[in-house]
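[1] how would this look folded up:
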Amino acid sequence: MDQDSMLTELSGTVDSVIYKNEENGYTVLRLRDGNGETVTVVGCFPYAAQGETMLLSGAWTTHSVHGRQFKAEFAQRLMPTDTPAIYEYLAGGSVKGVGPATASLIVNRFGAKSLDVIENEPEKLAEIRGISPIKAKQISASFRQQAGMRRLMEYICSFGLRPLLAMRLYKYYGDEALSLLQANPFILASEHIGGSFSEADHLAMATGMDEHSRSRINAAVIFELNHNAGNGHVFIPRDKLAAATGQLIGVSAEEADESISMLADAGLLILDEIANLTACYLPELYSAETDAAAKLAHMARKRFHEQADPERLIARLEKQQGIQYAAKQKQTLQMALNNQILVITGGPGTGKTTSIRAILALFDELGIRTLLTAPTGRAAKRMTELTGQEASTVHRLLGAKFADDGDKVIFTKDESDQLDCGAVILDECSMVDILLMDALLRAIPEDARLILVGDADQLPSVGPGNVFSAVIRSGAVPTVRLTEIFRQNEGSRIVRNAHLINKGEHPNLSENAGDFFRLRRLEAGSTVDTITELCSVRLPGKMGIAPEEIQVLSPTRKGELGTVSLNKRLQAVLNPPAEGKKEKLFGEAVFRVGDRVMQVKNNYDMLWRSADGKLHGTGVYNGDIGRIVNMDYDSETLTVDFDGRIADFGFDALLELEHAWAMTVHKAQGSEYRAVILCLAANSQMLMTRDVLYTAVTRAKELLILVGDDSTAYRMIDNFRQTRRFSALRLRLLALSSL
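    Below is the predicted model:
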């Protein structure tokens, strides 16, 4: 694209909108200028509509394909004021519920005051025959939302910030978003909005905030704590927090330390002495860690003395189930019988599932009502299939929902309204962070048992803490370690190699046999070609494994071998465009009917229904996998089937979805797939670790194929450096157990 003039001005009325991107506001439109000529304009014009007036600053450019066009850098946008332009605006479909016929009725009745009536006096619309009071309110709500969003986006864009942030701000704060943002620019960096601290800080400085403002430094301290919680840390040592904050915003560590004291005095952070250092906590994380430690320690001390003879009871279970338990499994049953809390840990093939089934049968025999739960929907579904008893996610079990302000997750089940049960069995416990563990412990009745099951060598939780590992390492909670590989799993190379990897040994990757294969590829291009061929041709055609039973994993999202790029290639071969197949461009992704997608954010309020319409519920959770089954351009929604739970997403909610033919190893944790293809992509040292490879390998049920270079796998095995997480759960459990 060649620029053929300097910055200049252009004004006119929007004649038509050719293209618009809801995610970033990028728009291509045709503008009718003052001379009656129509020109092409490109720029950031969120919610541009036919009939509105624009005053633009920019430059004329010549595009190699599309020819001469005006590239706008700044825009002042005015709603139409005369009757013909207002009709044009309304008839263009920019307001939901208003087409040419309704636009004509409104404009004929109210003329130049039509938009003012729609926004401020919607009851007058109902005076028009054919417009009901309900429809009048809907028309007004659509117009007000669009007007509020436009003003917010214009404000955001005027500072060079992403329009996407305006969409999120408006979603959470509605009409108050602009005033709240002006009062506190740092809400941009909150987790639910997703802006970076640098973006928020840029806005604060651009609107006149002093570099050494106490408000700015305080916001930076809180940001650092929240940011590090997202990286797994429950607290940050005071000296590290002060230094990191100073470096972030270019102030001294002493100034940051002063803010730490002020925030602590105000109760906005908690200071505690831990192992000869001063720990800085966000209040909710301090409460979660101390309360969870107290409850776990209390449960660890409690013993049950059942009247039933344990040996006779176990013998009866063996006879009923036609199974003979190993000595370790009998020990597990005995401990589950006598202790209020029990931890069961072990690698693949060591009998964790058998132990869960045995404990469940034991509790059933004793008349103990047992609830089964897991951190993710797929893990809960797998638990249901393996036990024959319904399992739910922890969030669903606890009745998770957004608070009224939409800014925080709350649980309806807690100490004031506890679960109706005598026992809870929690699987895939390594994925549970300190906040979720605390919430679960609050909801468990005083005398109920708790069984924690998982593989402590897998990746830790995405959220703060390393709860499962800390509980085990504390030695304060009764624990069973399952180490023996059972006979039915001895022939599995997936199981054998997983254990070798976990011990730091190099398996023989050239031995392609059984259920474990390696296809050596040294170039990124050939690696991607091989993966797409495996998914589309070789596995479906030669092994009868359908594409929906195959999961491609990569350690990373980025690069040619990352999940974003892999998903584009896999979409092209597994669900290509076709005449009549609906699709929606959102940002750089195309969502198409038939696509495999994943929910990437907990949405506790999302409504879902069963295919027959008989069941309804709320909640779609991070990691849930589904398929796009329908798309409606009129209502601007697409429909996703999450294993029988059908949910509708507005186009503006597509931020919550990603394609899922390929996903990161972290996202796959807690799930099991018939076939796994692992892309051996060289990445940063943080991702090139033994636990990442071990977790990936253990996701495969029947077939694992490594595609890439052997040396990448061996480097991962040799890299046993686990990122240290600041957490005091283990120390608190140790201290409480000695009381």
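[2] Name the next helix or strand following the helix or strand Lys401 falls within along the chain.
    Element membership for Lys401 (DSSP states H and E) is strand 400-402. Following strand 400-402 in sequence order, the next helix or strand is strand 409-411 (DSSP H and E).
[3] circling back: who does the strand holding Lys401 pair up with?
    Strand pairing for strand 400-402, determined by DSSP bridges: strand 409-411 (antiparallel).
[4] can you list contacts of the strand it pairs with?
    Identification of contacts with strand 409-411 by C-beta atoms under 8 Å, 6 or more residues apart in numbering yields 398-403, 439, 442-443, 602, 604. C-beta: built from backbone N, CA, C; applies to glycine.
[5] try 10 Å this time
    Identification of contacts with strand 409-411 by C-beta atoms under 10 Å, 6 or more residues apart in numbering yields 192, 394-395, 397-404, 417, 435-436, 438-440, 442-443, 602, 604.
[6] Have a look at this structure and report its longest helix.
    helix 133-158 (DSSP state H).
[7] Off-centre distance for it?
    Remark: helix 133-158 is offset 28 Å from the chain centroid, using C-alpha atoms, centre = their mean, to the nearest Å.
[8] list the helices and strands that helix packs on?
    strand 38-44, strand 67-78, helix 100-110, helix 114-120, helix 163-173, helix 177-183, helix 197-206 (3 or more C-beta pairs under 10 Å, 6 or more residues apart in numbering; DSSP states H and E).
[9] what does the average pLDDT come to for that helix?
    Averaging pLDDT along helix 133-158 gives 84.
[10] Check which helix or strand Met631 maps to.
    Going by DSSP H and E, Met631 is in strand 625-632.
[11] Run the chain-centre distance for that strand.
    18 Å.
[12] Give me the buried stretch members for it, please.
    625-628, 631 (16 or more other C-beta atoms under 10 Å).
[13] Which helix or strand contains Lys330?
    helix 327-338.
[14] Low-confidence bits of the stretch 401-550 of the chain, can you list those?
    404-407, 487-490 (pLDDT under 70).
[15] before we move on, what about the chain?
    Looking at the chain by pLDDT under 70, you get 1-6, 22-24, 306-308, 404-407, 487-490, 722-723.
[16] swap the cut-off to 50 and go again
    By pLDDT under 50, the weakly predicted segments of the chain are 1-5.
[17] I'd like the next helix or strand past the helix holding Lys330.
    strand 341-346.
[18] just checking, what packs against that following strand?
    Using 3+ C-beta pairs under 10 Å, 6+ apart: strand 341-346 touches helix 283-301, helix 327-338, helix 352-365, strand 449-454, helix 467-474, strand 479-482.
[19] ok, that strand: who's next to it in the sheet?
    In the sheet, strand 341-346 lines up with strand 449-454 (parallel), strand 479-482 (parallel) (DSSP bridges).
[20] Strands of the stretch 451-600 of the chain, start to end?
    Assigned by DSSP state E, counting those that start in this stretch, the stretch 451-600 of the chain shows strands spanning 479-482, 516-520, 550-554, 583-586, 589-592, 596-599.
[21] what about the ones you listed, which gets the closest to Ala498?
    Ala498 lies closest, by C-beta to C-beta, to one member of those: strand 516-520, at 9.3 Å.
[22] For that closest one, output the C-alpha coordinates as PDB.
    Only the C-alpha atoms of strand 516-520 are listed here, as PDB (Å, rounded to 0.1, in the frame of the first residue of the first chain):
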ATOM      1  CA  PHE A 516       3.300 -45.600  21.500                       C
ATOM      2  CA  PHE A 517       4.800 -44.200  18.200                       C
ATOM      3  CA  ARG A 518       7.300 -41.500  17.200                       C
ATOM      4  CA  LEU A 519       7.400 -39.900  13.800                       C
ATOM      5  CA  ARG A 520      10.600 -38.100  13.500                       C
END
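[23] In this structure Glu224 contacts Leu263, no?
    No - if you go by C-beta atoms under 10 Å, Glu224 and Leu263 don't touch, sitting 11.2 Å apart.
[24] Compare neighbour counts for those two and give me the winner.
    Glu224 (23 against 19; other C-beta atoms under 10 Å).
[25] Against which helices or strands is the helix or strand hosting the more buried one packed?
    With elements taken from DSSP H and E, the one containing Glu224 is helix 214-230. Applying 3+ C-beta pairs under 10 Å, 6+ apart, one finds that helix 214-230 contacts helix 197-206, strand 235-237, helix 238-249, helix 253-265, strand 277-281, helix 283-301.
[26] Counting neighbours, which bits of the following helix or strand past the last one end up buried?
    Right, the one you point to is helix 283-301. With elements assigned by DSSP H and E, the helix or strand that comes after helix 283-301 is helix 310-321. The neighbour-count check on helix 310-321 (16+ other C-beta under 10 Å) flags 313-314, 317-318 as buried.
[27] which other residues reach helix 310-321?
    Contacts for helix 310-321 (C-beta under 10 Å, 6+ apart): 306, 308-309, 323-325, 329-330, 333-334, 337-338, 354, 357-358, 361-362, 364-366.
[28] Taking these, please make a PyMOL selection of just the buried ones.
    In PyMOL, a selection of the buried entries from those looks like this (16+ other C-beta under 10 Å):
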select buried, resi 325+329+330+333+334+337+354+357+358+361+362+366
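[29] The strands of the stretch 451-600 of the chain: which one's closest to Thr83?
    strand 583-586 (34.5 Å).
[30] re earlier: ok, which of the helices and strands packed on strand 341-346 comes nearest Ile156?
    Per C-beta to C-beta, nearest to Ile156 of the helices and strands packed on strand 341-346: helix 283-301, 29.1 Å.
[31] circling back to that earlier point, switch the buried residues of helix 310-321 over to JSON lines; also include distance to Ala229.
    Converted to JSON lines, those look like this (distance: C-beta to C-beta, whole Å):
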{"residue": "Leu313", "distance to Ala229": "44"}
{"residue": "Ile314", "distance to Ala229": "44"}
{"residue": "Leu317", "distance to Ala229": "43"}
{"residue": "Glu318", "distance to Ala229": "46"}
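[32] Among the contacts of strand 409-411, name the buried ones.
    394-395, 397-400, 402, 435-436, 438-440, 442-443, 602, 604.
[33] Show me which of these is closest to Val480.
    The closest of those, once distances to Val480 are taken by C-beta to C-beta, is Leu440, at 20.2 Å.
[34] Assign the closest one to helix, strand or coil.
    Counting by DSSP: H, G, I helix; E, B strand; the rest coil, the backbone at Leu440 sits in helix.
[35] Run a quick check on it versus Ala374, I expect a contact.
    No - counting by C-beta under 10 Å, Leu440 stays clear of Ala374, with 11.5 Å between them.
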